[in-house]
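Task: produce atomic coordinates for the following.
(chains A and B)
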Amino acid sequence: MARSNKPIVWGPFAAGGTLTAFLTPALVTLTLLAGLGYVPDILAYERLHAFAAHWLGKAALVAVIFLSLWSVAHRLRITLYDIGVRADSGVAAAVYSAAGLASIAAAVFLFRV
Amino acid sequence: MAEEVSRKPYVREMTYRWIFRHPRYMRYMAREFSCIFIGAWTLMMVWGLKQLAEGRASWDAFLEMLRSPWSIAFHALVLGFSLYHTFTWFNLTPKALPVQVGEAFVPDVVIAGAHYVAWAMLSLVLLKLSGAF
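Got it, this is the predicted structure:
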């Protein structure tokens, strides 16, 4: 039987796409408000530090970051193919590793919190 | 010898120019390009976590950076594209998750609508818990 890695790649893409559809507008609103000078309570140092210090907070942040970046990576790969970049295996390796490395970096930073 | 066989295979032209041939293609590309903005914002937050881990002064510097005009413009773009991603994603849910009750399928508007309602409530709860209002 032919084996395919498509479900492994596509599963996190669908999960991440759904997650970003539900969460990203509200999350971006939080940092936008902070930029406009009205810092939401959660972005105050004490609150965010306490959130990121708890293992549940760490797990939630890493999960959101990994799924978001993976779905972005997958979509970017397809988009690059659409606009005429035909080196798909190279593109795939680059975007998926970038998503993985940035997620690992996030986990390392959270470990230090 | 295979190399000596004269053949001119037709190589289909493939450039980015097809995007501009129809408004539908433009909307499709706007949807696909939303990933760049969502990705850039997520990477910015990974950097924010680094700042958070380094202590109060670094985190405050991050908050200060958010206040620059470039950051505000960037946030406006990210918010616009992320909303576009949300709308296009939910509008596709009836195709991805068709629900059958008895003989009939649940109307598309009900499935997409349920997602919009859940999204609105979740966003309100999240903003409320975060102390945004």
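
Chain B: strands as residue ranges?
Counting by DSSP state E, chain B has strands at residues B:100-101, B:104-105.

Give me whichever of those strands is most buried.
strand B:104-105 (a mean of 10; mean count of other CB atoms under 10 Å in any protein chain shown). Backbone N, C-alpha and C define where each C-beta goes, glycine included.

Walk me through which strands it pairs with, and which way each runs.
Sheet pairing of strand B:104-105 (DSSP bridges) gives strand B:100-101 (antiparallel).

State the mean pLDDT of the partner strand.
What strand B:100-101 shows for mean pLDDT is 92.

any low-confidence regions in chain B?
Scanning chain B for pLDDT under 70 picks out B:1-5.

Can you name the residue of it nearest chain A?
Residue of chain B nearest chain A, by CB to the nearest CB: B:Gly131 (2.8 Å).

Next one: that residue relative to A:Leu33, how far apart?
10 Å (CB to CB, to the nearest Å).

Common neighbours of those two, please.
Listed as contacting both B:Gly131 and A:Leu33 by CB atoms under 8 Å, 6 or more residues apart in numbering or on different chains are A:Pro40.

Pick out whichever of those two has more residues nearby.
A:Leu33 (20 against 15; other CB atoms under 10 Å in any protein chain shown).

what's the domain layout of chain B?
Per the record, chain B has its domains at B:16-81, B:97-133, by automatic domain parsing.

Pick the most deeply packed of these.
Buried most deeply of these, by mean count of other CB under 10 Å, is domain B:16-81, with a mean of 16.

Endpoint to endpoint, that domain covers what distance?
20 Å (CA to CA, to the nearest Å).

Just checking the distance from that domain to the centre of its chain.
10 Å (CA atoms, centre = their mean, to the nearest Å).

swap in stretch A:99-110?
10 Å.

Chain A: helices as residue ranges?
A:6-35, A:45-53, A:55-82, A:88-112 (DSSP state H).
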